[in-house]
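Visitor: Got a sequence here, can you build the structure:
(2 chains)
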Amino acid sequence: MSQTKLARCFAEALGIQEQAVTDELAYQTIKEWDSVRHMALVAIIEQTFNVMLDTNDIIAMSSVGKAKAILAKYGIDCDAA
Amino acid sequence: MSAIELELPVISDFFDLPPYGLPQSQKAQMLVIRLRQLCWHHYERCVIYRRLIERVFGGEDALNFERLEEVPFIPVPLFKTHALRSVPAEAVVRTLASSGTSGQVLSRVELDRETSQRQTQVLVKILQHFLGPRRSPMVIFDRKVALDQPGPYPARVAALLGMMPFGRDPFFALKEDLSLDIEGLSAYLARASGAGGERVVVFGLTAILWQALVLTMEREGKKLHIPQGVLIHAGGWKKLQDAAVGAEEFRQRVQAVTGISRILNFYGMVEQVGSIFFENPRHYLQAPVYAEVIIRDPITLRPLPVGGVGLVQVLSAIPTSYPGHSLLTEDMGVLRGVDDPTTGMNGRYFEILGRVPQAEVRGCSDTYPTQHSTT
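Guide: Here you go, the predicted structure:
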């Protein structure tokens, strides 16, 4: 998978295997991705990609695919990164 | 889209409506449709709710209401004695519990993914009205470990989690022993304001802020300097009322020790996380479009007009996983007005006057034998 950088963010924040990070993986569908770790995820993504997300981004980020779309809004191509 | 949302198509984008934009008459029309759907939804899925509608409200006819005042309500204490759920147990992603003192029976509500996410969506929508979409440095008056606990989240933590999306690199101001970490807080504030006088959001329960912030700083004879601050607080005033501290005095003394002039209170309960009632500029609690307040005569339970003191009923468009959409609380309140042009905020606004003395609240929870929730 070419989304390594983003997958690493998810794996680290949620404590899951990188292989489990697919575009379809969605918020609150696994016990590891709860609201507490969602905020940790936001922090790691901001640090890794050097962006500042707003509250709308945070609640819209309900899947890995959505996270990519949000980062694309800030000019970040996760599939290339 | 989930099965539940397919079953409840309602009004498209209801939850995207601005929280205080619709005049009361329009809001009531939309909300009553949503509540009618919620009533039927729970009637068909929650046996206890169904029995209550049948025995206390006379059955299905009670669900074909046209006005918000006619929505059947259930007494909040029912959540302490019964496990009320309208989804299968395996759909539950989180359980919330009221933060009662030890010995008290706790209310428990069970959330599925949809209800949980709708709570967040609505809470963020309401908070954005006051804070805008951007995030800020945030000081949380709690311990960091508050987030680590397993099992049901107390209401305190649920509220804190709702605030978190507005914070950036939040600072937890309480030490392990619940005392204020003054040095840590001062350093955090220096760092935050060093980044260009940024707005700082301070959040905590009213009683904790009173104890750990106001009384501590007064005792130590110290002051914080948070001129760009916004302080948001929620939760019971009981301890403060016992100490004869009113809302006005609370605000003055918070401002004296922090320099914060923007202080906002909100009223909410664990049974209706999300659709909270925020204080408007006149310090009255304002009902957002996704929620409603009705004040009822404590004896006859008839709805009271503006100015009448009675029991507070709260309605919420949010919950589908448990029947918490229409609740008679144990709080006394008074409706103060509707659609106030001086604040520019539409909808009803009201005031909470305090708790009903324990013995007085019986209501329809007595219809059922007490059984403790085992979930």
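Visitor: need the strands for the stretch 201-350 of chain B, in chain order.
Guide: Remark: strands assigned in the stretch 201-350 of chain B by DSSP state E, counting those that start in this stretch are B:229-234, B:262-267, B:277-279, B:285-286, B:291-296, B:309-316, B:326-340, B:345-355.
Visitor: What is the neighbour count of the nearest residue to residue B:271 once chain neighbours are set aside?
Guide: Using C-beta to C-beta, 6 or more residues apart in numbering or on different chains and skipping the chain neighbours, the partner closest in space to residue B:271 is residue B:324 (4.5 Å). For glycine as for every other residue, the C-beta is placed from the backbone atoms N, C-alpha and C. Residue B:324 sits with 30 neighbouring residues when counted by other C-beta atoms under 10 Å in any protein chain shown.
Visitor: Nearest to chain A, out of the strands of the stretch 201-350 of chain B?
Guide: Of all those, strand B:229-234 sits nearest to chain A, with 14.1 Å by C-beta to the nearest C-beta.
Visitor: Can you pull out the low-pLDDT segments for the chain?
Guide: Here I'm looking at chain A. Low-confidence segments of chain A, defined by pLDDT under 70: A:1-3, A:81.
Visitor: To clarify, I was referring to chain B.
Guide: B:1-12, B:99-104, B:194-196, B:237-239, B:241, B:358-375.
Visitor: Spit out the contact partners of residue B:69.
Guide: B:294, B:303 (C-beta atoms under 8 Å, 6 or more residues apart in numbering or on different chains).
Visitor: how near is it to residue B:348?
Guide: Distance, residue B:69 to residue B:348, using C-beta to C-beta, to the nearest Å: 12 Å.
Visitor: Identify the contacts common to these two.
Guide: Counting by C-beta under 8 Å, 6+ apart, nothing touches both residue B:69 and residue B:348.
Visitor: wait, isn't the residue nearest to residue B:271 in contact with residue B:107?
Guide: No: Residue B:324 is not in contact with residue B:107 according to C-beta atoms under 8 Å; the separation is 9.5 Å.
Visitor: elements contacting the lengthiest helix in chain A?
Guide: Counting by DSSP state H, the longest helix found in chain A is helix A:35-49. In terms of contacts (3 or more C-beta pairs under 8 Å, 6 or more residues apart in numbering or on different chains; DSSP states H and E), helix A:35-49 is packed against helix A:4-14, helix A:55-60, helix A:64-73.
Visitor: how about the top helix by length along chain B: buried residues?
Guide: Of all the segments of type helix in chain B, defined by DSSP H, the longest one is helix B:24-45. Using 16 or more other C-beta atoms under 10 Å in any protein chain shown as the test for burial, helix B:24-45 gives B:24, B:27-28, B:30-32, B:34-43, B:45.
Visitor: How about the residues of the stretch 51-200 of chain B by chain A?
Guide: Within the stretch 51-200 of chain B, the positions adjacent to chain A are B:93-94, B:113, B:116-117, B:120-121, B:124, B:127-128, B:133-135, B:147, B:161, B:164-166, B:168-169 by C-beta under 8 Å from any C-beta of the partner chain.
Visitor: Could you measure from residue B:23 over to residue B:16?
Guide: 18 Å.
Visitor: Show me which of those two is the more surrounded one.
Guide: Legend: neighbour count by other C-beta under 10 Å for residue B:23 and residue B:16, higher for residue B:23 (11 against 8).
Visitor: Please look at that one and residue B:346 and confirm they touch.
Guide: Yes: Residue B:23 is within contact range of residue B:346, at 5.2 Å (criterion: C-beta under 8 Å).
Visitor: between these two, what contacts are shared?
Guide: What both residue B:23 and residue B:346 touch, as defined by C-beta under 8 Å, 6+ apart, is the set residue B:339.
Visitor: residues from chain A in reach of chain B?
Guide: So far as C-beta under 8 Å from any C-beta goes, chain A lies against chain B at A:27-29, A:34-36, A:39, A:42-43, A:52-56, A:58-59, A:62.
Visitor: buried subset of these?
Guide: Buried among those (16+ other C-beta under 10 Å): A:27-28, A:34-36, A:39, A:42, A:53-55, A:58-59, A:62.
Visitor: burial measure for whatever residue of the stretch 251-375 of chain B ends up closest to chain A, as a count.
Guide: Of the stretch 251-375 of chain B, the residue with the smallest distance to chain A, taken as C-beta to the nearest C-beta, is residue B:273 at 11.4 Å. Look at residue B:273: counted by other C-beta under 10 Å, it has 27 neighbours.
Visitor: Centre-most residue in chain B?
Guide: residue B:268 (1.9 Å; C-alpha atoms, centre = their mean).
Visitor: For the nearest residue to that one once chain neighbours are set aside, give me its contacts.
Guide: Setting aside the residues directly before and after it, residue B:268 is nearest to residue B:276 in space (C-beta to C-beta, 6+ apart), at 3.7 Å. Neighbour list for residue B:276: B:123, B:126, B:234, B:266-268, B:288, B:291 [criterion: C-beta under 8 Å, 6+ apart].
Visitor: try 10 Å this time
Guide: Counting by C-beta atoms under 10 Å, 6 or more residues apart in numbering or on different chains, residue B:276 touches B:19, B:119, B:122-123, B:126-127, B:159, B:162, B:234, B:266-269, B:285, B:287-288, B:290-291, B:314, B:316.
Visitor: again with residue A:11
Guide: By C-beta under 10 Å, 6+ apart, the residues touching residue A:11 are A:4, A:17-21, A:32, A:44.
Visitor: Adding secondary structure and neighbour count as columns, could you present those in JSON lines?
Guide: Converted to JSON lines, these look like this (DSSP: H, G, I helix; E, B strand; the rest coil; neighbours: other C-beta atoms under 10 Å in any protein chain shown):
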{"residue": "A:4", "secondary structure": "helix", "neighbour count": "14"}
{"residue": "A:17", "secondary structure": "coil", "neighbour count": "10"}
{"residue": "A:18", "secondary structure": "helix", "neighbour count": "15"}
{"residue": "A:19", "secondary structure": "helix", "neighbour count": "9"}
{"residue": "A:20", "secondary structure": "helix", "neighbour count": "14"}
{"residue": "A:21", "secondary structure": "coil", "neighbour count": "21"}
{"residue": "A:32", "secondary structure": "coil", "neighbour count": "14"}
{"residue": "A:44", "secondary structure": "helix", "neighbour count": "19"}
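Visitor: would you turn the residues you listed into JSON lines with distance to residue B:335?
Guide: Output for the contacts of residue A:11, formatted as JSON lines (distance: C-beta to C-beta, whole Å):
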{"residue": "A:4", "distance to residue B:335": "57"}
{"residue": "A:17", "distance to residue B:335": "55"}
{"residue": "A:18", "distance to residue B:335": "55"}
{"residue": "A:19", "distance to residue B:335": "57"}
{"residue": "A:20", "distance to residue B:335": "51"}
{"residue": "A:21", "distance to residue B:335": "51"}
{"residue": "A:32", "distance to residue B:335": "45"}
{"residue": "A:44", "distance to residue B:335": "46"}
